[in-house]
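*Asks:* This is the structure alone, sequence omitted:
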């Protein structure tokens, strides 16, 4: 865990250094304090996507505690073990894709579980997934990734300035002059690409950390490992249906926001397993959802405004 946190800190530092280099190339050392002030103000006042809007995009519905008492009991215990003041609310997403995600803040979070996840995983695996998402909330990963996204947006804005300066340099070259050094222009133009790679690497580091903490919460790392294996097999099946037979996921490993599933499973299996009486995973197969939560069997597809489920 310490290695993952150190890696995350170094990646955030690298992203901040990249923004500082872009500011330095435009305004010199005097621009650094203004850039820091701008980042602080943006963090304080930048609009965030409301949780309700995210849930509406996925047509999510609340998982009624009266109809899912065991699920809420488990989530309440996970939140207690993770040190959260409030239990994340649980929502159902009408999608056959086995998926889960967390949104919100550490003090007011939501965990959304897809229909395919609830019906496709057994109870032990479902506990592992809930623990993983709870770990993201407890680790403040939502805030960390929001900060990383803010730095990425700032670098994109500075990149537009770099493009304009490059155009000015071309016109001024006729008179044998230049607005700024070409090296600074290239730095500004290429900064968003470098920032995106750092952001993806940060996301992968946070996933490893959430896996490890989930294992600590449940004392059962193999439950989450088994869930990851099932979800990976569905993903491979989905890509085979969408692409030609035999094709793999088109995302290069460098551009994946999540680490390779095989590596995550390997690390989880290497972790120690706790005593059975202290585990949260009850015996039993996949959940039987009550009436009102109909089984989703349609194929996943892209939907407006850009979500896939």
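*Replies:* Received the coordinates, thanks. Worth saying up front: this structure is predicted, and the values here are computed from it rather than measured.
*Asks:* ok, and the closest non-adjacent residue to residue 158?
*Replies:* residue 22 (4.5 Å; CB to CB, 6 or more residues apart in numbering). No exception for glycine: its C-beta is placed from N, CA and C like everyone else's.
*Asks:* Buried residues, the helix or strand the one you found falls within. List them.
*Replies:* Per DSSP states H and E: residue 22 is located in helix 2-27. Residues of helix 2-27 classed as buried: 4, 7-8, 11-12, 14-16, 18-19, 21-26 (neighbour count, 16 or more other CB atoms under 10 Å).
*Asks:* Which stretches in the stretch 151-300 of the chain count as helices?
*Replies:* Ranges of helices in the stretch 151-300 of the chain, per DSSP state H, counting those that start in this stretch, are 182-218, 221-242, 261-269.
*Asks:* Give me the average confidence score over the first one.
*Replies:* The predicted model assigns helix 182-218 a mean pLDDT of 91.
*Asks:* and that helix, what does it pack onto?
*Replies:* Here helix 182-218 touches helix 2-27, helix 69-82, helix 123-138, helix 141-172, helix 221-242, helix 261-269, going by 3 or more CB pairs under 8 Å, 6 or more residues apart in numbering; DSSP states H and E.
*Asks:* mind checking which of the ones you listed is nearest residue 57?
*Replies:* helix 141-172 (16.6 Å; CB to CB).
*Asks:* Over that closest one, what's the mean pLDDT, rounded is fine.
*Replies:* Rounded mean pLDDT across helix 141-172 is 86.
*Asks:* still on that earlier bit, from what I can see the residue nearest to residue 158 touches residue 189, true?
*Replies:* No. Using CB atoms under 8 Å, residue 22 makes no contact with residue 189, being 10.1 Å away.
*Asks:* what touches both of those two?
*Replies:* 159, 162 (CB atoms under 8 Å, 6 or more residues apart in numbering).
*Asks:* quick revisit: most packed of the helices of the stretch 151-300 of the chain?
*Replies:* Among the helices of the stretch 151-300 of the chain, ranked by average contacts under mean count of other CB atoms under 10 Å, first place goes to helix 182-218 (a mean of 20).
*Asks:* which stretches of the chain have low pLDDT?
*Replies:* Scanning the chain with the threshold set as pLDDT under 70 gives 1-4, 45-48, 178-179, 236-257, 275-279, 281-287, 304-307.
*Asks:* Run the chain-centre distance for stretch 141-157.
*Replies:* Centre-to-centre, stretch 141-157 and its host chain are 12 Å apart (CA atoms, centre = their mean, to the nearest Å).
*Asks:* typo on my end, stretch 115-122
*Replies:* 20 Å.
*Asks:* And for stretch 258-274?
*Replies:* 18 Å.
*Asks:* cool, stretch 60-77 as well?
*Replies:* So, by CA atoms, centre = their mean, the centroid of stretch 60-77 is 23 Å from its chain's centroid.
*Asks:* rewinding a little: so which of the helices of the stretch 151-300 of the chain is nearest residue 43?
*Replies:* It is, among those and with distance given as CB to CB, helix 182-218, at 16.2 Å.
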